[in-house]
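Novice: Coordinates for the following, if possible.
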Amino acid sequence: MSSTITGLPPDPILERRELIQLRASQTIARRTMVSRVITALLWVGLVIALIPLGSVVLALLDKGVRFLGWSFLTALPQLPNLASLNDIGGIGNAVVATLVIDALAGLVAVPIGVVVGLYLAEGSSRPANFLRTVVEIMTGMPSILLGVFAYEYFVVTMKSYSGIAAVIALSMLMVPVIAKAAELAFTAVPRSLREAALALGARESRVARQVVFPSALPGVLTGVLLALARAVGETAPVLLVVGPTISNLWNWNPLKPMTPMPMLIFGYANSQYPSQRAAAWGVALTLVALVVILTTSSRLISARMRRERHS
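Specialist: Numbers count the residues shown, from 1 in each chain. The predicted model follows:
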């Protein structure tokens, strides 16, 4: 028996394993050094990226935090007194205009984006592939082009600046972001859930509504809030369509010219009054805080929904 075993040819798998272990032991020092160098380079890149971000945040806090207050957020803008920054008034109408425009843009973009994302996740036909390409192109499209489109087809057609043109521009900006996030969320739903529901006799439309969509809801909600945060901070398309002048009146009607916060920042930053130029930092800090709140909320809500679903 022992002579039979010793007479067998060597096992190629064992020889290959020994060769790999020998080669790994010879190169472990070099691979460890390369790993440490790459990790150090990544940390250096992170620090370099945080330097400009930290500079902007510190500048906003240093120059804008003194303006924050309930009266600043609720009062109307006033003609500033050059002797005092306290006479600048507030940004209440800008906050209202921002909330109205972005809320309406969300009402338009969310249903379209979710339906498009579901269609892309469930379909693999030529129209679906073409639509997927269009969504990817629109995701990387400069936002100023959407503003030019809204200006040409709404401002020129209506012969008036209006908040509704900004709604159209921002909704076009939000749709591809929501569609891409929704597609990824729907694709991540296990195929076994769909097959089990279909095996029970449910129609595909009912499976999509009652099985796929609830399972993908955390990812979809994250995409919606991130798209809304991006729309809130967009400036280029808004400046073209909402109106050339800064208003100091309350206006809830999107069919008329409005003054959202990006427009107010642009106007204050180019103002001849030092007090208004200083107040631009307060408006910018308010806008950044709103974007941070939306972004953080999206992460927290998504994480909580995932924990509740897996508990």
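
Novice: Near Ile28, how many other residues are there?
Specialist: 10 (other C-beta atoms under 10 Å). To be clear about C-beta, it is placed using only N, CA and C from the backbone, and glycine gets the same treatment.

Novice: pretty sure it is in a helix, no?
Specialist: Yes. According to DSSP: H, G, I helix; E, B strand; the rest coil, Ile28 belongs to a helix.

Novice: For the remainder of this discussion, apply numbering that starts at 324.
Specialist: Sounds good: first residue 324 from here, last item Ile351.

Novice: Next one: it, what pLDDT does it get?
Specialist: pLDDT, Ile351: 75.

Novice: In a strand, Leu469, correct?
Specialist: No. Judged by three-state DSSP, Leu469 forms no part of a strand; its state is helix.

Novice: So it is in contact with Val490, correct?
Specialist: No. Using C-beta atoms under 8 Å, Leu469 is not in contact with Val490, being 11.5 Å away.

Novice: out of these two, which sits in the more crowded spot?
Specialist: Between Leu469 and Val490, Val490 has the larger neighbour count (other C-beta under 10 Å), namely 27 against 22.

Novice: Test my guess that the more buried one contacts Ala426.
Specialist: No. Using C-beta under 8 Å, Val490 makes no contact with Ala426, being 9.1 Å away.

Novice: In contact with Leu610, which residues are there?
Specialist: Neighbouring residues of Leu610 by C-beta atoms under 8 Å, 6 or more residues apart in numbering: Thr421, Val555, Gly556, Met584, Pro585, Ile588.

Novice: Check whether it sits in a helix, strand or coil.
Specialist: Here Leu610 is recorded as helix under three-state DSSP.

Novice: Following element in sequence after the helix or strand harbouring Arg359, please.
Specialist: For Arg359, the host element (DSSP states H and E) is helix 335-387. Toward the C-terminus, helix 335-387 is succeeded by helix 393-397 as the next helix or strand (DSSP H and E).

Novice: where does Pro391 fall, phi/psi-wise?
Specialist: Actually, residue 391 is Leu rather than Pro. The phi/psi pair for Leu391 (degrees, to the nearest 10) reads phi -70, psi 140.

Novice: Please identify which helix or strand holds the residue nearest to Ser594 when sequence neighbours are not counted.
Specialist: Closest residue to Ser594 apart from its sequence neighbours, by C-beta to C-beta, 6 or more residues apart in numbering: Arg600 at 5.6 Å. Here Arg600 is covered by helix 597-633, with elements defined by DSSP H and E.

Novice: Geometric centre of the chain: which residue is closest?
Specialist: Leu549 (3.2 Å; C-alpha atoms, centre = their mean).

Novice: That one contacts Ser620, correct?
Specialist: No. Counting by C-beta under 8 Å, Ser620 is not a contact partner of Leu549; they are 10.2 Å apart.

Novice: The stretch 424-573 of the chain: helices as residue ranges?
Specialist: 449-462, 466-473, 479-481, 486-510, 514-522, 527-530, 536-556, 559-564 (DSSP state H, counting those that start in this stretch).

Novice: The closest residue to Thr582 other than its chain neighbours: how many residues sit nearby?
Specialist: Nearest-residue entry for Thr582: Ser570, 4.5 Å, with adjacent residues in sequence omitted and distances by C-beta to C-beta, 6+ apart. When neighbours are defined as other C-beta under 10 Å, Ser570 has 20 of them.

Novice: so what pLDDT did the closest residue to Ala554 other than its chain neighbours get?
Specialist: Closest residue to Ala554 apart from its sequence neighbours, by C-beta to C-beta, 6+ apart: Leu493 at 4.4 Å. Note on Leu493: pLDDT of 89.

Novice: Leu493 contacts Val423, doesn't it?
Specialist: No. Between Leu493 and Val423 there is no contact under C-beta under 8 Å: 11.5 Å.

Novice: More neighbours: those two, which one.
Specialist: Shown here are Leu493 and Val423; by other C-beta under 10 Å, Leu493 has more neighbours (31 against 19).

Novice: can you tell me which residues contact that one?
Specialist: Leu493 touches Ile424, Asp425, Ala428, Ala432, Leu469, Ala554, Glu557, Pro560, Val561, counting by C-beta under 8 Å, 6+ apart.

Novice: go on, Val534?
Specialist: Contact partners of Val534, counting by C-beta under 8 Å, 6+ apart, are Val512, Leu516, Arg517, Ala520, Ala525.

Novice: What is the burial count for the second one?
Specialist: In this case it means Leu516. By other C-beta under 10 Å, 13 other residues sit near Leu516.

Novice: In contact with it, which residues?
Specialist: Taking C-beta under 8 Å, 6+ apart as the test, what Leu516 contacts is Val534, Val535, Ser538.
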